[in-house]
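Trainee: Structural data only, the sequence is not supplied:
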């Protein structure tokens with residue numbers, strides 16, 4: 001094809017233009033210069049990308065910048081990083097396999113540096129595992145137990161020692177009375193069964209007045 005340009009991947013020096021006028025891939029020296037240009041563009045793109053991700057602004061150190069100034073600065077960074085991306089895209093369109101490998105390698109190296117820098121700012125977890133060897137003297141419980149028991153005021157007794165419950169309102173008294181009436185139980189603390197001992201005479205009709213007089217006189 002005219003000018004030596006090829007529309008497929010190749011290793012040859014066919015005289016393709018690389019971005020600027022006068023830079024042709026027609027020798028090893030021109031290829032070396034093109035590789036240096038490609039590396040600068042790729043590293044620049046990675047640096048600008050990192051600056052955007054960290055919201056880097058040299059004009060607001062120690063103070064809060066204006067919203068307009070911050071937005072303008074970040075827009076300029078975005079313009080530059082987009083320009084770099086378009087530049088190495090055009091370099092890849094030369095179909096020079098050597099330049100494509102250089103571009104990909106430089107981008108990967110830049111990403112490695114970004115990942116390494118980000119890993120230094122990773123915060124340690126608030127809670128460490130008891131089996132973590134880095135903290136052999138750490139407590140196995142969280143939160144740590146207090147060194148001495150906290151002093152607390154004894155609770156006042158709001159409940160009285162004994163509560164009087166009328167037998168008519170007590171379920172236990174009702175149950176004892178029912179058992180006594182059925183002959184299933186004897187006297188309890190709550191109910192006295194109306195039974196006659198075996199050695200006493202049963203109630204006799206006609207002696208009610210005499211018995212009442214005896215009870216009143218305490219006999």
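Mentor: Happy to help now that I have it. Keep in mind that this is a model prediction, so the values were computed, not measured.
Trainee: In the strand or helix carrying residue 211, which residues are buried?
Mentor: Assigned by DSSP states H and E, residue 211 belongs to helix 208-217. Residues of helix 208-217 include none that count as buried (16 or more other CB atoms under 10 Å). For the C-beta atoms, the positions are set from N, CA and C on the backbone; glycine is no exception.
Trainee: Kindly report the same for stretch 72-82.
Mentor: 73, 77, 80, 81.
Trainee: Could I get the average pLDDT for the lengthiest strand in the chain?
Mentor: Counting residues, the longest strand found in the chain (DSSP state E) is strand 20-24. Averaged across strand 20-24, pLDDT comes to 86.
Trainee: who does it pair up with?
Mentor: strand 17-18 (antiparallel) (DSSP bridges).
Trainee: lowest-pLDDT helix or strand in this protein?
Mentor: helix 171-181 (a mean of 70; mean pLDDT, DSSP states H and E).
Trainee: just to revisit the earlier point, give the other helices and strands that the helix or strand that the longest strand of the chain is followed by contacts.
Mentor: Using DSSP H and E, the helix or strand that follows strand 20-24 in sequence is helix 28-53. Here helix 28-53 touches strand 17-18, strand 20-24, helix 67-92, helix 97-119, going by 3 or more CB pairs under 8 Å, 6 or more residues apart in numbering; DSSP states H and E.
Trainee: hey, which of these is tucked in deepest?
Mentor: Of these, the one with the most neighbours on average (mean count of other CB atoms under 10 Å) is strand 17-18, at a mean of 18.
Trainee: List of residues touching that one?
Mentor: The contact list for strand 17-18 (CB atoms under 8 Å, 6 or more residues apart in numbering) reads 23, 24, 25, 30, 34, 37, 91, 94, 99.
Trainee: check contacts around the fifth one.
Mentor: Residues near residue 34 by CB under 8 Å, 6+ apart: 18, 23, 25, 91, 96, 99.
Trainee: Now for the fourth one: which residues touch it?
Mentor: Taking CB under 8 Å, 6+ apart, we find residue 91 in contact with 18, 19, 34, 37, 38, 41, 99, 100, 103.
Trainee: one more time with 7 Å, if that's ok
Mentor: 18, 19, 38, 99, 103 (CB atoms under 7 Å, 6 or more residues apart in numbering).
Trainee: remind me which residues of this structure are low pLDDT?
Mentor: 1-6, 61-65, 121-172, 176, 180-208, 218-219 (pLDDT under 70).
Trainee: Could you report the separation of residue 55 from residue 74?
Mentor: For residue 55, the distance to residue 74 (CB to CB, to the nearest Å) stands at 7 Å.
Trainee: Dump the helices and strands packed on helix 28-53 to TSV, plus distance to residue 209.
Mentor: Converted to TSV, the helices and strands packed on helix 28-53 look like this (distance: least, CB to CB, whole Å):
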stretch	distance to residue 209
strand 17-18	140
strand 20-24	142
helix 67-92	111
helix 97-119	110
